[in-house]
Every structure is written in structure tokens, then in C-alpha cells.
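1. just need the structure, nothing else, for what follows:
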Amino acid sequence: MSDTKKLAIIATKGTLDWAYPPFILASTAAALGYETQIFFTFYGLQLLRKDLDLQVSSLGNPAMPMPMPVPVLAQALPGMQGFMTSMMKKKMASKGVASVEELRELSQEAEVKFIACQMTVELFEFDTKDFIGDVEYAGAAKFFEFAGEADISLYI
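-> Residues are numbered from 1 along each chain as shown. Sure thing, here's the model as predicted:
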């Protein structure tokens, strides 16, 4: 039995704000010596696309800090999602926060294993050519082989 600690993450969200937690946690755990896997399923598969066009929406997330108060009704107006995404990207850049692409690459360099849910790929008829390399395509059972022995399991 190995003394190496293990971290299992299930990534289910495909928005800009939800892209950060799995990659930050995975890369940090790997740097601390954890064997780490991320299982990308449903909308989380968007995080594996070669060309990321992730958006952020404050709808359904009233805790999102805004530089100015925006009523919920106004947040549903056309163009607001793009405006909020632009604001968030500028804020992150001004604070020196790494991009999702950089964090994803860092995770792969740290040998974090990426598993794409094969059932979801088939369900949404995704073309695997649109995804980055070094991704394993497998079902939940494959992930559970690892997660069943993990010290920490996170659902994001």
C-alpha cells in the first residue's frame, strides 16, 4: 500500500468562475505530493476544450462581488454576460491571477490525471478532436477505482 496521499475531484461546471477551483486545487495538491485526478463530466467537459471561451454569469450567484450594484433583472439583459465576463477577466489580470489555460497546463505538468466522462462525451456528441491532449476517456467506474482509495474527494 502506498503512502502517497490521493485527491479525487469531480468537475461538473463549465463557466469561467467554476473553472478555477478544480485546477487550483489539483495543481496545489500535486505540488504537495498528492496523486491527483480530475473527472470532468457534463458541463465540466468544457474545461478540456482546446479553445476556451468560458463565460461568467452572476445570475444564480448573488454573492458575486460587483464594482457597482446591478439589479437581478438587469443581469438578464442581452450582453450582460459578456460584460460581466470582461469585467471578471480584467479584474483577474489586474491582480495577476493565472488564466484557466495556464492553470490547466500547470496541472498537466504536475501529472494531474484528466479523465473525461465517456458517457457525457457521447451524450452531447462532442468531438474529442476539440479537446486538449493527454486526456483519458472513461466511465465513472474507472474514476471510482481511484476515488475509492482517495484521502480527499471533492465535487465541484
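
2. from here on, just use CA atoms for contacts and neighbour counts.
-> OK.

3. do you know how far the nearest residue to Ala138 once chain neighbours are set aside is from Phe126?
-> Leaving aside its sequence neighbours, Ala138 sits nearest to Gln118 (Cα to Cα, 6 or more residues apart in numbering; 5.0 Å). From Gln118 over to Phe126 the distance is 10 Å, taken as Cα to Cα, to the nearest Å.

4. next: Ala26.
-> For Ala26 relative to Phe126 (Cα to Cα), the value is 25 Å.

5. okay, the residue most central in space within the chain: pLDDT?
-> Centroid-nearest residue in the chain, with Cα atoms, centre = their mean: Ala19, separated by 3.3 Å. pLDDT recorded at Ala19 is 96.

6. pretty sure it is touching Leu47, no?
-> Yes: counting by Cα atoms under 8 Å, Leu47 is a contact partner of Ala19 at 6.6 Å.

7. all the strands of this structure, residue numbers only.
-> Ranges of strands within the chain are 6-11, 35-40, 113-117, 135-138, 152-155, based on DSSP state E.

8. nearest to Lys90, out of these?
-> Nearest to Lys90, of all these, is strand 6-11, at 24.5 Å by Cα to Cα.

9. so which of the strands of the chain is the most packed in?
-> Mean neighbour count (mean count of other Cα atoms under 10 Å) peaks for strand 35-40 among those, with a mean of 26.

10. what does that one rub up against?
-> 4-12, 22, 26, 29-30, 47, 111-117, 143, 146 (Cα atoms under 8 Å, 6 or more residues apart in numbering).

11. which secondary element of this protein has the worst mean pLDDT?
-> Least confident helix or strand of the chain, by mean pLDDT, DSSP states H and E, is helix 72-75 with a mean of 65.

12. in this protein, which ranges drop under the pLDDT threshold?
-> Residue ranges of the chain with pLDDT under 70: 1-2, 58-76.

13. where do the helices sit along it?
-> Along the chain, counting by DSSP state H, helices occupy 16-31, 72-75, 80-94, 100-109, 118-123, 140-147.

14. dump these into TSV; add distance to Ile38 as well.
-> Converted to TSV, the helices of the chain look like this (distance: least, Cα to Cα, whole Å):
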stretch	distance to Ile38
helix 16-31	7
helix 72-75	32
helix 80-94	24
helix 100-109	10
helix 118-123	14
helix 140-147	9
